[in-house]
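Peer 1: sharing a sequence plus its predicted fold:
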Amino acid sequence: MSLDLLLQNPVWLAPLAGVADAPFRQLCKEQGAGLTCTEMISAKGLHYNPEGSGSERLLRLSPGEVPAAVQLFGADPQIMAEQAARVAEKLGDDLALIDVNMGCPVPKVVRHGEGSALMKAPELAAEIVQVMAAALAPSGVPLTVKMRIGYEAGEDCAVEFALRLQEAGAALVTVHGRTRAQFYHGASDDEAVACVADALEVPVFASGDILTAKRAVQMLEQTPVAGVMVARGAIGRPWIFKQIAELRAGSPQAFEPTIAERFALIRRHVSLTQAWYADGRVARLRKHLITYAAGLPGATRFRSRVTQADTYEAVGALLDAYESWLIEHG
């Protein structure tokens with residue numbers, strides 16, 4: 001799929017480590033996400049343990065989300081290029097693009113010179129993009145990059161860094177409007193993101209604090225960005241993509257799902273998860289179930305019961321009881 005075609009719906013699900021597994025991604029795609037992306041995957045993990053690693057398992061895409069994006073992270077240009085080419089060959093038409101993570105602030109990633117640490121090494125970052133883009137050229141798969149506005153607080157390097165990436169071959173750049181030092185604290189700097197969008201010829205997406213449909217539409221309509229990546233705003237609210245589409249189409253306000261609609265979506269998520277994983281464990285669902293209940297009456301009691309549910313049957317019974325209680329007390 002060409003990048004131009006993907007840009008027809010420029011509201012994408014961001015890579016979300018530990019959250020955006022295949023069932024959740026498919027659900028977001030069904031709710032209107034223009035593109036989904038895997039959790040970030042270690043290129044070294046794919047290189048050194050290609051058949052049995054957790055990294056390899058993260059490459060699995062749901063038929064309901066393809067074509068989808070894969071995000072790789074690493075700091076070795078050769079390994080990054082080799083694995084990008086291998087992923088493109090392995091996934092074929094199911095692969096929309098490969099994204100390079102240059103924004104992750106987590107210490108266990110940064111201390112290896114990966115993720116947002118690459119913002120301190122712009123020459124290496126550009127080399128990684130250059131060799132990966134060259135490796136992907138035969139397949140026609142676009143290479144994109146997700147970055148931050150800087151590493152340390154107060155830095156003014158985002159435009160220069162992004163221009164290097166563009167020159168090296170990045171087809172699109174997503175900018176999270178915080179520095180690495182901020183992690184996820186403080187407000188996202190929309191002005192800094194807009195400066196990058198103004199400076200680059202390739203499309204620039206905004207990321208950071210896209211927590212509501214209204215905020216997403218404001219970024220699309222009031223800044224020069226070409227699109228947005230929704231991250232935390234989709235957790236517990238995958239219908240945010242439908243809300244954004246409705247606002248962009250001229251609806252005066254974003255709809256809120258009824259209790260019945262919300263629980264139908266939760267059950268869809270449970271069903272997708274049960275079908276995807278063979279081990280029968282429900283632990284991976286708990287964080288999602290807890291976030292679905294946020295802001296609802298009785299959420300505290302529901303959360304405590306979720307932590308005790310250890311089978312899909314127990315989860316189903318819990319959802320039935322909670323929905324009935326909400327309707328009765330609503």
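Peer 2: Structure received. Numbers count the residues shown, from 1 in each chain.

Peer 1: chain center to the helix-or-strand element of the chain with minimal mean pLDDT: distance?
Peer 2: Every helix and strand in the chain was compared by mean pLDDT, DSSP states H and E; the lowest is helix 54-57, with a mean of 82. How far helix 54-57 lies from its chain's middle: 17 Å, per C-alpha atoms, centre = their mean, to the nearest Å.

Peer 1: likewise for stretch 219-232?
Peer 2: 14 Å.

Peer 1: name the helix or strand for Glu65, please.
Peer 2: Following DSSP states H and E, one finds Glu65 outside all helices and strands.

Peer 1: how about it, what does it touch?
Peer 2: Contact analysis of Glu65 by C-beta atoms under 8 Å, 6 or more residues apart in numbering lists Ala22, Arg25, Gln26, Lys29, Thr36. Glycine gets a C-beta too; all of them are placed from N, C-alpha and C.

Peer 1: could you pull out the buried residues of the helix or strand containing Gln166?
Peer 2: Here Gln166, judged by DSSP H and E, is contained in helix 158-168. Neighbour counts over helix 158-168 (16 or more other C-beta atoms under 10 Å) mark Ala158, Val159, Phe161, Ala162, Leu163, Arg164, Leu165, Gln166, Ala168 as buried.

Peer 1: would you mind checking which of the residues you listed is nearest to Ala192?
Peer 2: Within these, proximity to Ala192 (C-beta to C-beta) peaks at Ala158, which comes in at 5.5 Å.

Peer 1: thinking again about what came up before, need the next SSE after the helix holding Gln166, C-terminal direction.
Peer 2: Using DSSP H and E, the helix or strand that directly follows helix 158-168 along the chain is strand 172-179.

Peer 1: could you point out which element follows that next one?
Peer 2: Using DSSP H and E, the first helix or strand after strand 172-179 is helix 190-199.

Peer 1: how about residues contacting that following helix?
Peer 2: Under C-beta under 8 Å, 6+ apart, the answer for helix 190-199 is 149, 158-159, 162-163, 173, 175, 177, 204, 206, 208, 219, 223-226.

Peer 1: buried sites along it?
Peer 2: Of the residues in helix 190-199, Asp190, Ala192, Val193, Ala194, Cys195, Val196, Ala197 count as buried by neighbour count, 16+ other C-beta under 10 Å.

Peer 1: what about the strands in the protein?
Peer 2: Assigned by DSSP state E, the chain shows strands spanning 11-13, 41-42, 68-73, 95-102, 143-150, 172-179, 204-207, 227-230.

Peer 1: would you reformat the buried residues of helix 158-168 as CSV and include pLDDT and distance to Ala134?
Peer 2: Formatted as CSV, the buried residues of helix 158-168 follow (pLDDT from 0 to 100; distance: C-beta to C-beta, whole Å):
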residue, pLDDT, distance to Ala134
Ala158, 96, 25
Val159, 98, 25
Phe161, 98, 20
Ala162, 98, 20
Leu163, 98, 19
Arg164, 98, 16
Leu165, 98, 14
Gln166, 98, 15
Ala168, 98, 10
